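*Asks:* got a predicted model here, sequence first, then my questions.
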Amino acid sequence: MRIARFKTCKGDIQYGVWEDNGRIRLVAGDILDLWAVTDQCIDREEIAQILAPVCPPNIFAMGLNYRAHAAEGGVPEPDHPLIFIKATTTVIPTDHPILLPKPAPDAVDFEAELALIIGRKTREVNVEEAAGSILGYTAANDVSARDCQMKHDRQWARGKSFDTFCPLGPFICIGEDPDSASVRSRLNGEPMQDGHTSDLIFNCRHLVSYLSHQFTLLPGTIILTGTPSGVGVHRNPPIFLKDGDLIEVEVEGVGVLSNPIVCSP
């Protein structure tokens, strides 16, 4: 089941199930609490904009969590999840432009990721219980200013947290296994990354359990699970995002998250 959060032409914000017949079946209740799919439907023509799937209270992200990505960077696989945090002001929906930041426009990179959405307040769950805390998953782009991350700051907060640096969407995939999904990116139509969550060092349930022993995971929390190999910084020569580009992230079961690149005004 694929659910989208959207704004109607009348200005209402709702959730709905995307159906193959072009109709959207509306969801009643709170998607992060009690909700149900109704019999009420609308046409896709009644939608003005698809929004980010949630407004997260926190965004936790994983570094070096794909074996092939660690290998392309020439670093050993970590023995525990490497956690960093992105500002919630990074979140944008599909089709919204990613802004090249004025302080660091020259080495902005893409990272296709599967993102988990926490559906209930979670603290200190074991791996076997962790699946019950996951509402579903979506596609994400962990956009990164590599010069800030690797050269100027030598830590990740600023380089990962410029405004617009966390596109999410377009749908929440519910009822499928996040540890069995392909994760790809394309830049101007050219394949860049082609990975699968079976290559994760720490799988999705492990990540939820591990994080829940460090922090309380609130409903709507986003967990970026890591990126496959093929990012721009490790290419020869490096490939970075520039004004006029189009970056797409495709996660199996979710669809395509598409964002143009523009210079900050």
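*Replies:* It's in.

*Asks:* just the element for M192, please.
*Replies:* strand 190-196 (DSSP states H and E).

*Asks:* in the sheet, which strands lie alongside that strand, parallel or antiparallel?
*Replies:* Strand 190-196 pairs in its sheet with strand 182-187 (antiparallel), by DSSP bridges.

*Asks:* pull out the buried positions in the partner strand.
*Replies:* Within strand 182-187, the residues that count as buried by 16 or more other C-beta atoms under 10 Å are S182, V183, R184, S185, R186, L187. For every residue, glycine as well, the C-beta is placed using N, CA and C.

*Asks:* who's in contact with it?
*Replies:* By C-beta atoms under 8 Å, 6 or more residues apart in numbering, the residues outside strand 182-187 that reach it are 110-114, 139, 141, 191-197, 227-228, 230, 239, 241, 245-252.

*Asks:* what subset of these is buried?
*Replies:* Among those, those classed as buried by 16+ other C-beta under 10 Å are 110-114, 139, 141, 192-197, 227-228, 230, 239, 241, 245, 247-252.

*Asks:* lowest-scoring secondary structure element of the protein by mean pLDDT?
*Replies:* The weakest-scoring helix or strand in the chain, judged by mean pLDDT, DSSP states H and E, is helix 67-72 (a mean of 92).

*Asks:* buried residues in stretch 96-106, which are they?
*Replies:* Neighbour counts over stretch 96-106 (16+ other C-beta under 10 Å) mark H96, I98, L99, L100, P101, A104, P105 as buried.

*Asks:* using the three-state scheme, assign the third one.
*Replies:* Translated: L99. Taken by DSSP: H, G, I helix; E, B strand; the rest coil, the conformation at L99 corresponds to strand.

*Asks:* coming back round to it: looking at the contacts of strand 182-187, which are in helices?
*Replies:* Using DSSP state H, no member of the contacts of strand 182-187 sits in helices.

*Asks:* got the domain ranges for the protein?
*Replies:* Using automatic domain parsing, the domain parsing of the chain gives 2-50, 59-263.

*Asks:* show me where this protein has helices.
*Replies:* In the chain, the helices defined using DSSP H lie at 67-72, 127-130, 146-147, 157-160, 204-212.

*Asks:* mind giving me the packing neighbours of the longest one?
*Replies:* Counting contacts by 3 or more C-beta pairs under 8 Å, 6 or more residues apart in numbering; DSSP states H and E, helix 204-212 packs against strand 112-118, helix 127-130, strand 134-141, strand 222-224.

*Asks:* make a markdown table out of these and add mean pLDDT and distance to M150.
*Replies:* Listed next are the helices and strands packed on helix 204-212 as a markdown table, based on pLDDT from 0 to 100; distance: least, C-beta to C-beta, whole Å:
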| stretch | mean pLDDT | distance to M150 |
| --- | --- | --- |
| strand 112-118 | 98 | 19 |
| helix 127-130 | 96 | 32 |
| strand 134-141 | 98 | 18 |
| strand 222-224 | 98 | 18 |
